[in-house]
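J.: I'd like to go over a predicted model; first the sequence, then the structure.
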Amino acid sequence: MPRQGDLILVLDAGTTSTRAMVFDCAGAVHGLAQRELVQHYPRPGWVEHDAGEIWQATLAVAREAIAQGGGAERIACIGITNQRETVVAWDRTSGEPLARAIVWQDRRTADACAGLRAAGHEAAVQERTGLLLDPYFSATKLRWLLDHVPAVRDGAGAGRLAFGTVESWLVFKLTGGAHLTDASNASRTSLLPLAGASWDAGLCDLFGVPAGSLPDVVDNCGSLGTVSPDLFGTAIPITGLAGDQQSATIGQGCLAPGETKATFGTGAFVLTNMGEALPRSCHRLLGTVLCQLGGKRRYALEGSVFVAGSLIKWLRDSLGLIVTAAESEALARQVPDSGGVVIVPALSGLGAPHWRPEARASITGMSFATGRAHIVRAALEAMALQAHDLAVAFAGDGAPWTALRIDGGMSANDWIAQDLADLLALPVERPDFVETTALGAAMLAGVGAGLFASLDDAAKAMRGTVRGFVPDLGEDVRSARLELWRRALAGV
Ligand code: ADP
């Protein structure tokens, strides 16, 4: 039975900010509040968050958005979506963090991953979890905390240690003690087999993570917990949980096998719905849980590109070539092409499908005729070129794209949207409401609370209109650009 309220509160605990949004069942927004999050960079390659700050920010934005939406009595249910892979260690008795959270971007466990790879474990880990051995994923971060933070080690010894990803931490704080994680977040730890209901003892042994410190793995929607009444003035059920990329996939309505979304933010994340089939990649893509409803899983194949919008930010902040990110669009339109300039944006190595952490960025093909607009255009062109490499890998893995649904901060750039359609030779769709991550969590929470009978119904009711971009580029130009890209890529 749904509660009396008719609104859905979404808590979106992202990497750079924490936000709260209040939706109605038609997808309209009735409240929005946001707090920036302090990024801690204690050493090169290390990235940390203060889990206490994430919690306080979440509480503050939730209260603000609830007030905008007309008060807690109007909130039927809560959905949570979060930056994935980031790990939190806390004391389950005191409810206090035992260390700074290690963020997904943190590379401190690169050697540990290399050691496991050298010992020949990668194929088995990939087979079981869908993931590669990379510091990106949670398990080696958890082990690092046990090895280097005395409070974490002592907590484990005393049976008080709780590990979790960010949604797990927030659920613990909101409910006053429930220790759980949803299957989409759990599938990013390297400890959950794609086909297994819960943590795998062999994987916990391999990574050295005590299973007793881990949360229970639950569905992405349903009656997952109840918020302590003292926090918002009334007990509100938590009925949806999902990692941000899975949530965006759902928010984009990619609910049928083959449907694909690409989020262009700091990095670019492409997920294709694989239905109930276990995703197996022979092209260095990741297999991941898309969502679990009633114990039944749907899977996705994922390609993560580390540098997308951050390239534009770099042109702005480090090179001073542009003043605003949006200006890149007008500059790209000033020239008929990049004049032969190609940028390979390997500023922090190359992610999928290349996985070359040692690769470094290049700008090639310049002459005295090269101007600012050519370089900016080449930077924007790099988005479609990177997406093209992913498209080839997805097709090779038996999941060819037939259309691409885009979102994220960069998708506001019409030139990029059209270039994606042109270079991929595919229709590209962009929703008018681009907050797809929050929307997906709202859809899950709505289904979990009984406001909708299914995700399909939630998508019909909550997703708004989309704008389409159709391919319009001659094959000779397209293949010439791809050839230049291949050559530039070989040189990095
Ligand atoms: P995240 O969620 O990863 O923090 P966003 O989805 O908010 O990122 O996207 C922000 C990124 O998109 C920034 O790196 C910025 O440089 C880039 N960006 C924003 N607007 C544009 C634009 N109009 N054209 C090109 N890039 C843009």
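T.: Perfect, thanks for sending it. Numbers count the residues shown, from 1 in each chain.
J.: Leu278 and Arg298 touch, don't they?
T.: No - assessed by CB atoms under 8 Å, Leu278 is found out of contact with Arg298, at 10.9 Å. For the C-beta atoms, the positions are set from N, CA and C on the backbone; glycine is no exception.
J.: And those two? Which one has more around it.
T.: Arg298 (24 against 13; other CB atoms under 10 Å).
J.: What residue in the stretch 351-492 of the chain comes nearest to the ligand?
T.: Nearest to the ligand in the stretch 351-492 of the chain, going by CB to the nearest ligand atom, is Gly409, at a distance of 2.1 Å.
J.: if I pick that residue, what's in contact with it?
T.: Phe264, Gly265, Gly309, Ala325 (CB atoms under 8 Å, 6 or more residues apart in numbering).
J.: Try it again at 6 Å.
T.: Taking CB atoms under 6 Å, 6 or more residues apart in numbering as the criterion, Gly409 is in contact with Gly265, Gly309.
J.: how near is it to Gly396?
T.: Plainly put, Gly409 is 29 Å away from Gly396 if you go by CB to CB, to the nearest Å.
J.: What of Thr288?
T.: Taking CB to CB, one finds Thr288 at 18 Å from Gly396.
J.: Among those two, which residue is more densely surrounded?
T.: Thr288 (25 against 15).
J.: isn't that one right up against Glu302?
T.: Yes - counting by CB atoms under 6 Å, Thr288 does reach Glu302; the two are 5.1 Å apart.
J.: Please state the backbone phi and psi of Ala110?
T.: With angles defined as degrees, to the nearest 10, Ala110 sits at phi -60, psi -40.
J.: shaky segments in the stretch 1-150 of the chain?
T.: In the predicted model of the stretch 1-150 of the chain, residues 1-4 satisfy pLDDT under 70.
J.: where exactly do the strands run in it?
T.: 7-13, 17-23, 29-36, 48-49, 75-82, 87-91, 101-102 (DSSP state E, counting those that start in this stretch).
J.: and those strands, which is most packed in?
T.: Counting by mean count of other CB atoms under 10 Å, strand 75-82 has the highest mean neighbour count of the strands of the stretch 1-150 of the chain, with a mean of 29.
J.: list the helices and strands that strand packs on?
T.: When contacts are defined as 3 or more CB pairs under 6 Å, 6 or more residues apart in numbering; DSSP states H and E, strand 75-82 packs onto strand 7-13, helix 166-175, strand 237-243, helix 436-448.
J.: now the first one against helix 166-175, angle please.
T.: The one in question is strand 7-13. Interaxial angle of strand 7-13 relative to helix 166-175 (axes from the mean of the first three to the mean of the last three CA atoms, to 10 degrees): 130 degrees.
J.: Is the ligand within reach of strand 7-13?
T.: No - using CB under 6 Å from any ligand atom, strand 7-13 stays clear of the ligand, coming no nearer than 9.8 Å.
J.: Name the surrounding residues that touch that strand.
T.: Contacts of strand 7-13 (CB under 6 Å, 6+ apart): 19-24, 54, 58, 69, 74-75, 77-82, 166, 438, 441-442, 445-446.
J.: Which stretches in the stretch 151-300 of the chain count as helices?
T.: 166-175, 183-186, 201-207, 229-232, 244-251 (DSSP state H, counting those that start in this stretch).
J.: Need those in a markdown table (columns: distance to the ligand).
T.: What follows is the helices of the stretch 151-300 of the chain, written out as a markdown table (distance: least, CB to the nearest ligand atom, whole Å):
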| stretch | distance to the ligand |
| --- | --- |
| helix 166-175 | 15 |
| helix 183-186 | 17 |
| helix 201-207 | 27 |
| helix 229-232 | 26 |
| helix 244-251 | 8 |
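J.: How about residues contacting stretch 482-492?
T.: By CB under 6 Å, 6+ apart, stretch 482-492 touches Val342, Val344, Ala346, Ala359, Ser362, Thr364, Leu385.
J.: And the third one, how close does it get to Ser310?
T.: Using CB to CB, one obtains 12 Å as the distance from Ala346 to Ser310.
J.: The ligand contacts on the stretch 301-450 of the chain?
T.: 309-310, 312-313, 325-326, 328-329, 408-410, 412-413.
J.: Which pair in the residues you listed has the greatest spatial separation?
T.: Ser310 and Glu329 (17.2 Å; CB to CB).
J.: Let me know how buried Gly339 is, in neighbour terms.
T.: Other residues close to Gly339 by other CB under 10 Å number 17.
J.: What residues does it make contact with?
T.: With CB under 6 Å, 6+ apart, Gly339 has these contacts: Thr370, His374.
J.: What does it show for phi and psi?
T.: The phi/psi pair for Gly339 (degrees, to the nearest 10) is phi 60, psi 30.
J.: Next, count neighbours for the residue in the stretch 1-150 of the chain positioned nearest to the ligand.
T.: Distance from the ligand to each residue of the stretch 1-150 of the chain (CB to the nearest ligand atom) is smallest for Thr16, at 4.9 Å. Residues lying near Thr16 (other CB under 10 Å) number 12.
J.: Ala425 too?
T.: Ala425 - counted by other CB under 10 Å - has 13 other residues nearby.
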